[in-house]
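Engineer: After the sequence you'll find the predicted model.
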Amino acid sequence: MHPHSHLRRAIIVILGLGLFSLPALVAAQQSAAEESSTGRMRSEVTLGFRTVAVVSTPALQADDPAHSMLLSNMDDSRDGFVRVGQLNTDASISVGAAEIEVDEPEEADAGVTVGRYDLWLAGTSDGWRLHVAEAQAGAATQPFVSVVGSARLAHTTAAMASPTLTAGIVPTGSDAGELILRWGLHEWTTALEFAGPRVQVRARRESGVGADRSFEFDSSDLQRASRLGRRNIATATLPDGASLAVIYPRDLNVEDRDFSHLVSVAAGAVVRVTANAVIRLDIDAPLQFGDVTLETGNQGALRGAPGSYGVWLKRTAAGWRLVFNEEPDAWGSQHDPMFDVGEVDLEYSYEDDSSRSMSASVVMTTADQGQFVLVWGPHEWTADFAVAR
């Protein structure tokens, strides 16, 4: 271990402490634990203490004859609908044109309401739509009821088929993200956007006065919350309950001075972020990025995490690479190549959208394959990975 590693981690934890929405984080963790045990997949994003998640089931097979009509490539044959998952949110949010209202606590220590909604994929002769409806118990197959709203889906043909349905959320800003559905050779997307900021609540509750005063909090919840003082988090939970989490800086937009470091970075150098910690990747299962294997247990018992890595963006003469480093809590300007474990090529694309602040996530494309996605302003990078069992 590098002699300064412990000091760097301590600095990060201290700087991250502040006011946190612990009830929301606890509710999200409990919900994820309940759903992962049923063999479902969960994609969750926490932006500014507001959490939205989409839950899907690998049981929806693209080659099932029951879905052949819906997944037909013929517009005049494509008809029908199927429940493809559930959306959970603890704050008001829009899904395309569908507006979802969730009551927020008025007092600091009030409980958090989590809204649960069914997502129905519908195909018609004039395009694809995603209907958001009040949740039904069990594996509902009957027509959706109590529709809250409907979102038109953008559709593309995927380069590779997804044998089972997968759903994921890719954050694209401090308040927004993109919902992605993949099934067979189909890929659908629609925008997500939170309606407003969350009421922040205290990290701990006090009771009594003077010598009788006591404080109540769970240390594991506090550790999780401390990460989010200046960062957001995106998590993918696999059918067996293993999770892959990306913790990244909040509110780094194109006007920030760190964006100039991206624009001016020299070939062979990593992009420096002077206002926050490096992007952190926590994994419960080994991941294979090209010829680079990220193992679990690389941090020992220091943080209790199965595997943790710092993730750096590197400019090369030919394009961009993703660098994995064994200092997951290094400051964003303190890359130490002595602790690099490997690097892989990134696919790069340019989108005409400069409103996107830096956001990073993992989104599953099958039950055991996925993509690491990094966006910043008009720039977008992706790297494929597989879960190495």
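Structural biologist: Yep, that arrived. Residues are numbered from 1 along each chain as shown.
Engineer: what number of residues lie near the closest residue to Ala154 other than its chain neighbours?
Structural biologist: In space, Ala154 comes closest to Thr189 once its chain neighbours are excluded; the distance is 4.9 Å by Cβ to Cβ, 6 or more residues apart in numbering. Bear in mind the C-beta positions are built from the backbone N, C-alpha and C, glycine included. Residues within reach of Thr189, counting by other Cβ atoms under 10 Å, total 17.
Engineer: what does Gly115 give?
Structural biologist: For Gly115, the neighbour count with other Cβ under 10 Å is 19.
Engineer: Can you list phi and psi of the nearest residue to it once chain neighbours are set aside for me?
Structural biologist: Using Cβ to Cβ, 6+ apart and skipping residues adjacent in sequence, the residue nearest Gly115 is Val102, 4.5 Å away. Dihedral pair for Val102: phi -130, psi 130, per degrees, to the nearest 10.
Engineer: re the thing from before, which strand residues bridge the residue nearest to Ala154?
Structural biologist: Thr189 has these beta-bridge partners by DSSP bridges: Ala154, Ile180.
Engineer: How much space separates it from Gly168?
Structural biologist: 10 Å (Cβ to Cβ, to the nearest Å).
Engineer: cool, and Gln334?
Structural biologist: Using Cβ to Cβ, we find Gln334 at a distance of 31 Å from Gly168.
Engineer: which one of these two has more residues nearby?
Structural biologist: Gly168 (27 against 15).
Engineer: I am assuming the more buried one contacts Gln369, so please confirm or correct that.
Structural biologist: No - under the criterion of Cβ atoms under 8 Å, Gly168 makes no contact with Gln369, lying 11.9 Å away.
Engineer: any idea where the helices of the stretch 151-300 of the chain begin and end?
Structural biologist: Using DSSP state H, counting those that start in this stretch, the helices of the stretch 151-300 of the chain run over 219-227, 257-264.
Engineer: what pLDDT, on average, does the first one get?
Structural biologist: The predicted model assigns helix 219-227 a mean pLDDT of 50.
Engineer: Please apply the same query to stretch 293-300.
Structural biologist: On average, stretch 293-300 scores 88.
Engineer: For the residue most central in space within the chain, name its beta-bridge partners.
Structural biologist: Most central in the chain under Cα atoms, centre = their mean is Ala234, positioned 2.5 Å from the mean C-alpha point. Beta-bridge pairing for Ala234 (DSSP bridges): Val45, Val246.
Engineer: surely it meets Val362?
Structural biologist: Yes - if you go by Cβ under 8 Å, Ala234 and Val362 touch, sitting 6.8 Å apart.
Engineer: just to revisit the earlier point, list residues touching both of Thr189 and Gly168?
Structural biologist: Here Thr189 and Gly168 share the contacting residues 179-180, scored by Cβ atoms under 8 Å, 6 or more residues apart in numbering.
Engineer: Tell me who's in contact with Gln82.
Structural biologist: Slight slip there: residue 82 is Val, not Gln. Shown in contact with Val82 (Cβ under 8 Å, 6+ apart): 60, 67, 70, 120-121.
Engineer: partner strands of the one helix or strand it maps to, parallel or antiparallel?
Structural biologist: If you go by DSSP states H and E, Val82 is part of strand 80-89. Strand pairing for strand 80-89, determined by DSSP bridges: strand 50-56 (antiparallel), strand 115-124 (antiparallel).
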